[in-house]
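Peer 1: Mind folding the following:
(chains A and B)
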Number of protein chains: 2
Amino acid sequence: MKKIPELIDIKEAHKRIKPFIHQTPVLNSSSIDKITGASVYFKCENFQKVGAFKFRGATNAVLLLDDKLRELGVATHSSGNHAAALALAAKNTGIKAYIVMPETAPLIKKKAVKSYGAEITYCAPNLAARESTLDELVKNTGATFIHPYNNKDIISGQGTAAIELLNEIADLDIVMAPVGGGGLLSGTSIAVKGLNPRVQVVAAEPKNADDAYRSFKLGYLVPSENPNTIADGLLTSLCDLTFKIISEKVDEIVTVSEEAIVEAMRIIWERMKIIIEPSSAVPLAAVLEHKKLFSGKKLGIILSGGNVDLDKLPF
Amino acid sequence: MKKIPELIDIKEAHKRIKPFIHQTPVLNSSSIDKITGASVYFKCENFQKVGAFKFRGATNAVLLLDDKLRELGVATHSSGNHAAALALAAKNTGIKAYIVMPETAPLIKKKAVKSYGAEITYCAPNLAARESTLDELVKNTGATFIHPYNNKDIISGQGTAAIELLNEIADLDIVMAPVGGGGLLSGTSIAVKGLNPRVQVVAAEPKNADDAYRSFKLGYLVPSENPNTIADGLLTSLCDLTFKIISEKVDEIVTVSEEAIVEAMRIIWERMKIIIEPSSAVPLAAVLEHKKLFSGKKLGIILSGGNVDLDKLPF
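Peer 2: Numbering: from 1, shown residues only, chains lettered A, B, ... in the order given. A predicted model of the protein is given here:
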């Protein structure tokens, strides 16, 4: 088992990454408060560099490499926000990034990763091909594999968003984050419980990709079964490290329907005039579908990212 | 001719409306700076209450009514942001608002106006019907007609966004605003030239609705001829008051193609993760289509609003 990060690791990560990240704003909306019957504060990681919280963890992981490892660069396989985040984090610190992407990845994601100067290796669009391509790449280059969430330094970096949220908004009753692989939720729960154990941590997950919910309830790690959700950032499954943290630190996981995700996304677009990706809408969807749980509460929601394909909107 | 407002009127309007408005953020984007070759600061009136700068002018106009007039309420005809802005401004100050709307106005706009407690009178969807319906309403109720831009108090209110912009960002070379009826541009130009005459004021207008451009170049007011642009907030024509102000205070008006408006709108959505309506994209469209004019300059752009129908996006 990897060592579990503590609040001090997240605080140190925050100091470390501060010169590189945006301190993103916390917004609220009187009309969303009216709709939900709660006071909701949104931590806008959709405004983070590369458009997602992932940049926090990637920057922390890259900065923690020693000089020898920096020379050899970093590597990962991803078709999503972690790839772009690692590519930019590497560029900012002057080291090489090797990214394995499926040939079928959206052109816009390929372009983003390329624009940050990363070297892309394409592979067949399945996990086995991704992993074997990455293994070979790592063997040939000596680059350090930076897993998107099964990594202590990544988790510490992701937790820094919650530190900023709690510093800015006092007396929150509940902090909410979406859960996919669990990196954001792990970092968030360690930060929140470390800073103030009375604040509840509630995760939200699509019903159609509910491995975290089932693992949390059963008490052992169950894999994802054919996850299929519009919240494409949440298709991944928990790993041993994130499952252990979430089991210890998270108070509740709530699942939501696809309809509620689209409705919540639309409400945030229309009322707040900000662009979020479907994964970011999952916590508000939970508030809409489980109103009684949240009614009258002061909620902090981490909006995880804003990378959507404008040609493929659900409305 | 109505009296032309001065900087002092705008400063006083600002004090007056401050408790009611959002002091909206000024955002910038390194990737848009890269695309344009300029430094661009966006004043986000899309985050203003009712989703548009119009709330500033409407609030100022309502607050300036004397007690007798307040008792009788306010009235206007509009299917757009001014209707919602006047309705909310009236609600906030506890007075009645009568809004004449074409029967064909989008349901979402009717709902918004109604949700602010205004009384809606529907009419046929043409200017003659709007004006005659409004005249009768004003005769019957004694309500004060608040024109969306041919009104000194409205213009003073709209100018307050530029005061906030110049207070926050030092050393701007150019301030840009879109121009339709000219209320925002008039207030902006009075504020900017009053605060710092060395700052240029450049307006941007769709080629397909270029009455302000032609009037500005010819030196006399020419009416709009079949305006037809995606920037639906800019279909209106200058009036005598706004034409006089713009002739005196504005340095240049630049026209843009429909393609450039959609491209600029998409760039702002994708790079800044914020939602703006097409009219708001017109100044950035001008920067993209006339790069040499703006290259290397420090620009302040007023994003006028964020009310778009998500079911009818141009991409």
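Peer 1: any idea where the helices of the stretch 201-315 of chain A begin and end?
Peer 2: A:211-218, A:240-249, A:258-272, A:282-289, A:291-294 (DSSP state H, counting those that start in this stretch).
Peer 1: Quickly note the distance from the residue sitting furthest away from the middle of chain A to chain B.
Peer 2: Distance to the chain centre peaks in chain A at A:Asn140, reaching 29.5 Å (criterion: C-alpha atoms, centre = their mean). According to C-beta to the nearest C-beta, to the nearest Å, A:Asn140 stands 33 Å off from chain B. Any C-beta I mention is one placed from the backbone N, CA and C, and that applies to glycine too.
Peer 1: Domain map for chain A?
Peer 2: What automatic domain parsing lists as the domains of chain A is A:7-52+A:153-312, A:55-151.
Peer 1: could those domains go into a markdown table alongside mean pLDDT?
Peer 2: Formatted as a markdown table, these follow (pLDDT from 0 to 100):
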| stretch | mean pLDDT |
| --- | --- |
| domain A:7-52+A:153-312 | 97 |
| domain A:55-151 | 94 |
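Peer 1: Pick the most buried one from those.
Peer 2: domain A:7-52+A:153-312 (a mean of 21; mean count of other C-beta atoms under 10 Å in any protein chain shown).
Peer 1: First-to-last residue distance for it?
Peer 2: Across domain A:7-52+A:153-312, the terminal residues are separated by 39 Å (C-alpha to C-alpha, to the nearest Å).
Peer 1: can you check stretch A:289-304 too?
Peer 2: Termini of stretch A:289-304 sit 20 Å apart (C-alpha to C-alpha).
Peer 1: Of the domains of chain A, which is nearest B:Ile261?
Peer 2: Minimum separation from B:Ile261 across the domains of chain A (C-beta to C-beta) falls at domain A:7-52+A:153-312, 15.0 Å.
Peer 1: which phi and psi does the residue farthest from the centre of chain A have?
Peer 2: Note on A:Asn140: backbone dihedrals following degrees, to the nearest 10 are phi -70, psi -30.
Peer 1: tell me which parts of chain A are close to chain B?
Peer 2: Taking C-beta under 8 Å from any C-beta of the partner chain as the criterion, chain A approaches chain B at residues A:25, A:46-47, A:51, A:266, A:269-270, A:272-276, A:306, A:310-311, A:313, A:315.
Peer 1: Which residue would you name as the spatial centre of chain A?
Peer 2: In chain A, the C-alpha nearest the mean C-alpha coordinate belongs to A:Leu184, at 4.4 Å (C-alpha atoms, centre = their mean).
Peer 1: what residues are up against it?
Peer 2: Applying C-beta atoms under 8 Å, 6 or more residues apart in numbering or on different chains, we find A:Leu184 in contact with A:Phe53, A:Gln158, A:Ala161, A:Ala177, A:Pro178, A:Ile302, A:Ser304.
Peer 1: The residues you listed into JSON lines, with extra columns for secondary structure?
Peer 2: Shown next, in JSON lines, are the contacts of A:Leu184 (DSSP: H, G, I helix; E, B strand; the rest coil):
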{"residue": "A:Phe53", "secondary structure": "coil"}
{"residue": "A:Gln158", "secondary structure": "helix"}
{"residue": "A:Ala161", "secondary structure": "helix"}
{"residue": "A:Ala177", "secondary structure": "strand"}
{"residue": "A:Pro178", "secondary structure": "strand"}
{"residue": "A:Ile302", "secondary structure": "strand"}
{"residue": "A:Ser304", "secondary structure": "coil"}
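Peer 1: a markdown table for those residues, including distance to A:Leu134?
Peer 2: Shown next, in a markdown table, are the contacts of A:Leu184 (distance: C-beta to C-beta, whole Å):
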| residue | distance to A:Leu134 |
| --- | --- |
| A:Phe53 | 23 |
| A:Gln158 | 21 |
| A:Ala161 | 27 |
| A:Ala177 | 27 |
| A:Pro178 | 25 |
| A:Ile302 | 28 |
| A:Ser304 | 24 |
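Peer 1: wait, which of those residues is closest to A:Asp211?
Peer 2: Comparing the contacts of A:Leu184 against A:Asp211 with C-beta to C-beta places A:Pro178 closest, at 13.3 Å.
Peer 1: give me the beta-bridge partners of the closest one?
Peer 2: Note on A:Pro178: beta-bridge partners by DSSP bridges are A:Ala204.
Peer 1: Tell me how far it lies from A:Ser215.
Peer 2: 15 Å (C-beta to C-beta, to the nearest Å).
Peer 1: cool, and A:Asp67?
Peer 2: Distance, A:Asp67 to A:Ser215, by C-beta to C-beta: 39 Å.
Peer 1: same check, this time on A:Arg271
Peer 2: 34 Å.
Peer 1: Smallest gap between the stretch 151-300 of chain A and chain B, at which residue?
Peer 2: A:Lys273 (3.7 Å; C-beta to the nearest C-beta).
Peer 1: returning to what we had before: regarding the residue nearest to the centre of chain A, what is its secondary structure?
Peer 2: helix.
Peer 1: cool, the one 3 residues further on as well?
Peer 2: Secondary structure of A:Gly187, reduced to three states by three-state DSSP: helix.
Peer 1: Excluding chain neighbours, give the residue nearest to it in space.
Peer 2: Distances taken as C-beta to C-beta, 6 or more residues apart in numbering or on different chains put A:Gly159 closest to A:Gly187, at 2.8 Å, once the chain neighbours are dropped.
Peer 1: quick one: contacts for that neighbour?
Peer 2: A:Pro5, A:Ile10, A:Ala13, A:Ser186, A:Gly187, A:Thr188, A:Ile190, A:Ala191.
Peer 1: Please apply the same query to A:His147.
Peer 2: Contacts of A:His147 by C-beta under 8 Å, 6+ apart are A:Thr76, A:Ile154, A:Cys239.
Peer 1: Ignoring the adjacent residues along the chain, who's closest to A:Ile10?
Peer 2: A:Gly159 (3.9 Å).
Peer 1: do you know how far that neighbour is from B:Ile154?
Peer 2: 48 Å.
Peer 1: next one: A:His290
Peer 2: 44 Å.
Peer 1: Then A:Lys49?
Peer 2: 39 Å.
Peer 1: got it, and A:Thr160?
Peer 2: Between A:Thr160 and B:Ile154 the computed distance is 45 Å (C-beta to C-beta).
Peer 1: In the stretch 1-150 of chain A, what residue comes closest to chain B?
Peer 2: Nearest residue of the stretch 1-150 of chain A to chain B (C-beta to the nearest C-beta) works out as A:Asn46 at 4.8 Å.
Peer 1: I'd guessed that residue sits against A:Pro278; true?
Peer 2: No - at 11.7 Å, A:Asn46 does not count as touching A:Pro278 under the criterion of C-beta atoms under 8 Å.
Peer 1: Going by residue numbers, what spans are strands in the stretch 1-150 of chain A?
Peer 2: A:26-28, A:39-44, A:74-77, A:97-102, A:119-123, A:144-145 (DSSP state E, counting those that start in this stretch).
Peer 1: Adjacent strands (with direction) for the first one?
Peer 2: Sheet pairing of strand A:26-28 (DSSP bridges) gives strand A:39-44 (antiparallel).
Peer 1: and if you look at the fifth one?
Peer 2: Counting by DSSP bridges, the strands paired with strand A:119-123 are strand A:97-102 (parallel).
Peer 1: So what pairs up with the closest residue to A:Lys114 other than its chain neighbours in the strands?
Peer 2: Using C-beta to C-beta, 6+ apart and skipping residues adjacent in sequence, the residue nearest A:Lys114 is A:Ile120, 6.4 Å away. A:Ile120 forms beta bridges with A:Ile99, as assigned by DSSP bridges.
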